[in-house]
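Participant: Below: sequence and its predicted model.
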There are 2 protein chains.
Amino acid sequence: MSTVQIVEVGPRDGFQSVGPLIPTDRKVAVVTALYEAGLRRMEATSFVSTSAVPQLADAEVVLAAAQSLPGLDPQVLIPTVRQAERALKAGARHLGFVLSVSEAHNRSNVRRSPQASVQDYRDILNLMPEGTRMRLNVATAFDCPFGGPVPPEKTLALLDALLEERRDIEVALCDTTGRVTPGHVASLFAAAMARFADVRAWAFHGHDTYGMGAANALAAWNAGVRVFDSSIAGLGGCPFAPGATGNVATEDLIYLFDGLGADSGVSMDALIAVAREVTAIDGAQVGGRVRDAFAARKCRMEPVA
Amino acid sequence: MSTVQIVEVGPRDGFQSVGPLIPTDRKVAVVTALYEAGLRRMEATSFVSTSAVPQLADAEVVLAAAQSLPGLDPQVLIPTVRQAERALKAGARHLGFVLSVSEAHNRSNVRRSPQASVQDYRDILNLMPEGTRMRLNVATAFDCPFGGPVPPEKTLALLDALLEERRDIEVALCDTTGRVTPGHVASLFAAAMARFADVRAWAFHGHDTYGMGAANALAAWNAGVRVFDSSIAGLGGCPFAPGATGNVATEDLIYLFDGLGADSGVSMDALIAVAREVTAIDGAQVGGRVRDAFAARKCRMEPVA
């Protein structure tokens, strides 16, 4: 049986998009429930400017809670050298760096050019102690909210610069807008995987904004990708990408991979229960289809006790 | 450039699921607008018991209106010999027969065994004048709302009986519940297309209930299917399949196929306008993602005049 790794990004990508502050203990409860549903990788939080993103000001506490769960591999998103230092000081063992192929999006997101972010990335790699790991998130790898489709050669050229020194990392190509379609997903992964054959792992981060969430994941899976980001209940979106609501829902991806016979280690019933809990968070914008489909089936087809 | 045929089923599958009676001239307006958006195939209505389905009691009028549009190939769904006679008398040139692989679903849908429906189908073929065409819709080809997954050999055995005499027809394998996943879609089409290589055309009819609408269509496309059913704004569902809300939305499929470089002849902007009009129909249950995504993009990214 083949296996698939799901990286649950709800506690970072999802929570970050919620306006009202979520109490830290509720975040930790969601992280714990996701872990208990079988998820073993998670973007647990982000070390970012606490004034820019007050929702994630409790990063140290949430990371510590996630690290207390045996066998969970929590990664934390960091956009700059300073925040990487803060994360490492807090005990992070797995950093997720993010930069954009699109200059406009990178400037909007982290207020610097992609080239400056490449230098930041190199500096962060040099900071990392032995045994810590890097996930490299390449935003707008396919499409930019400001500029539209991103030429594959532009993404590959940025990867040339990023992967020049070290390739013992996991690289996620991110469809920031949700506008990509499966052919583009397949061709870019094929080109990248051929060009950088010794990269540790490839991941796909997709949105369901245009209903392509599962189809794009399928295309990436068929191209050989085995690591997928998703967000419980479809929570989230990119606050810097207008219209990019809706990470693909974890329960929808698990439904897809269960059907493909790929083992994720996740219990669907437990996951659906967490998804329902997440929809009740004040200010949560949710998506996905499987949660409601299960509810309708239970409601209409099972005898009511 | 490759081409794809979209069979718009909203005027039948969609309207049938709407409770309040839709005025006939509004139905004709939707059919006309869909045609003007570029659609050239349509399940325009169904000839069914007018007491069981009063919503489609105006089948003769809607069919006549559809047949007045130059180049449109309207098909009409017929479940029995008597209704086929009624449709042919009304001038139908393209019949869509439906039966289910699942005995429970066939009995629930048309109150007879699949074997009895096979005999009906043969009788209808014998009724059809020269030059009229048959679309054979095989419901619950993958999964049944009452019995769960349908073994591929059961679907293939029913096709053996159905295709024994004539193969100059189009065969649609229908995911009635929306629960199928892409691997099952791919393997059943591969088996069926190998076993019945001389069938005129294969089609896939899918639902988006579990978020697999585009992914399953992609799997069918990759298997060689070039004809796809979909419903404008995701209108519809099967009234006899509990929980099976949500045909895949036409605008979502067009988005997929536009991205794959497959020409459907459909204008997305015109299609979105029709989809919005359809969401305003009293009692309409709609789905799909692209319509809202376009609205959000327009609203957030374009200068307001």
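Facilitator: Done, it's in. Residues are numbered from 1 along each chain as shown, chains lettered A, B, ... in the order given.

Participant: any idea how far chain B is from A:R297?
Facilitator: 5 Å (CB to the nearest CB, to the nearest Å). Placement of C-beta: from N, CA and C, glycine included.

Participant: and that residue, how many neighbours does it have?
Facilitator: 18 (other CB atoms under 10 Å in any protein chain shown).

Participant: which SSE is it in?
Facilitator: helix A:290-301 (DSSP states H and E).

Participant: what pLDDT, on average, does that helix get?
Facilitator: Average pLDDT, helix A:290-301: 74.

Participant: where does chain A have low pLDDT?
Facilitator: The model of chain A has pLDDT under 70 over residues A:237-245, A:298-305.

Participant: Return the residues of it in contact with chain B.
Facilitator: Contact residues (CB under 8 Å from any CB of the partner chain) of chain A with chain B: A:145, A:178, A:180-184, A:208-215, A:217-219, A:242-243, A:245-246, A:249, A:252, A:255-256, A:258-261, A:288-290, A:293, A:296-297, A:300-301.

Participant: Try it again at 7 Å.
Facilitator: A:181-184, A:208-215, A:218, A:242-243, A:245, A:252, A:255-256, A:259-261, A:288-290, A:293, A:296-297, A:300-301 (CB under 7 Å from any CB of the partner chain).

Participant: Where do the helices of the stretch 1-150 of chain A begin and end?
Facilitator: For the stretch 1-150 of chain A, the helices defined by DSSP state H, counting those that start in this stretch cover A:15-16, A:24-36, A:59-67, A:81-89, A:103-110, A:114-127.

Participant: which residues in chain A form strands?
Facilitator: For chain A, applying DSSP state E gives strands covering A:2-3, A:5-8, A:41-46, A:73-78, A:94-100, A:133-139, A:143-144, A:148-149, A:170-174, A:201-205, A:227-230, A:262-263.

Participant: partners of the fourth one in the sheet?
Facilitator: Going back to what we said before, that points to strand A:73-78. Within its sheet, and counting by DSSP bridges, strand A:73-78 is paired with strand A:41-46 (parallel), strand A:94-100 (parallel).

Participant: and the last one, which residues are buried?
Facilitator: Across strand A:94-100, burial judged by 16 or more other CB atoms under 10 Å in any protein chain shown covers A:94-100.

Participant: ditto for stretch A:139-154
Facilitator: Result for stretch A:139-154 [16+ other CB under 10 Å]: buried residues A:139-146, A:150, A:152, A:154.

Participant: Between the helices of the stretch 1-150 of chain A, which one is closest to B:A66.
Facilitator: Nearest to B:A66 among these is helix A:103-110; the distance by CB to CB comes to 46.0 Å.

Participant: Now render the buried residues of stretch A:139-154 as JSON lines, adding distance to A:A29.
Facilitator: As requested, those are arranged in JSON lines below (distance: CB to CB, whole Å):
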{"residue": "A:A139", "distance to A:A29": "29"}
{"residue": "A:T140", "distance to A:A29": "33"}
{"residue": "A:A141", "distance to A:A29": "33"}
{"residue": "A:F142", "distance to A:A29": "34"}
{"residue": "A:D143", "distance to A:A29": "35"}
{"residue": "A:C144", "distance to A:A29": "36"}
{"residue": "A:P145", "distance to A:A29": "33"}
{"residue": "A:F146", "distance to A:A29": "37"}
{"residue": "A:V150", "distance to A:A29": "38"}
{"residue": "A:P152", "distance to A:A29": "42"}
{"residue": "A:K154", "distance to A:A29": "42"}
